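**Q** quick one, structure for this:
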Amino acid sequence: MDNKDYPKVRKAALKQNWRVVPIAKGERFLAPDGIGKATWHRAHASSDPHALDRFVRRLEEAGFDSRPV
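**A** Numbering: from 1, shown residues only. Below you'll find the predicted structure:
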């Protein structure tokens, strides 16, 4: 998955009732269960080609279903 696919992942997370909270350097995703979380840092998107893959993995660990993405 390419970092440019971030908007698709964000949209899928919102459809799955994740909350997205803005932070100084990106966004924090809070799982519907109130326990899981993952953070997307804008700086990683430009410097790390695998940032989105790792981010999606952290979301999946907290219950995100990445199949619709």
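**Q** what helix or strand is the closest residue to residue 14 other than its chain neighbours on?
**A** Using Cβ to Cβ, 6 or more residues apart in numbering and skipping the chain neighbours, the partner closest in space to residue 14 is residue 20 (6.6 Å). The way it works is simple: take the backbone N, C-alpha and C, and place the C-beta from them, glycine included. Per DSSP states H and E: residue 20 is located in strand 19-23.
**Q** go on, residue 57?
**A** Taking DSSP H and E as the criterion, residue 57 maps to helix 51-61.
**Q** before we move on, back to that, the residue nearest to residue 14 and residue 49, how far apart?
**A** Noted for residue 20: a distance of 23 Å to residue 49, by Cβ to Cβ, to the nearest Å.
**Q** also residue 6?
**A** With Cβ to Cβ as the criterion, residue 6 and residue 49 are 13 Å apart.
**Q** counting neighbours, go ahead and name the busier of those two.
**A** Taking neighbours as other Cβ atoms under 10 Å, residue 6 and residue 49 compare with residue 6 leading, 18 against 11.
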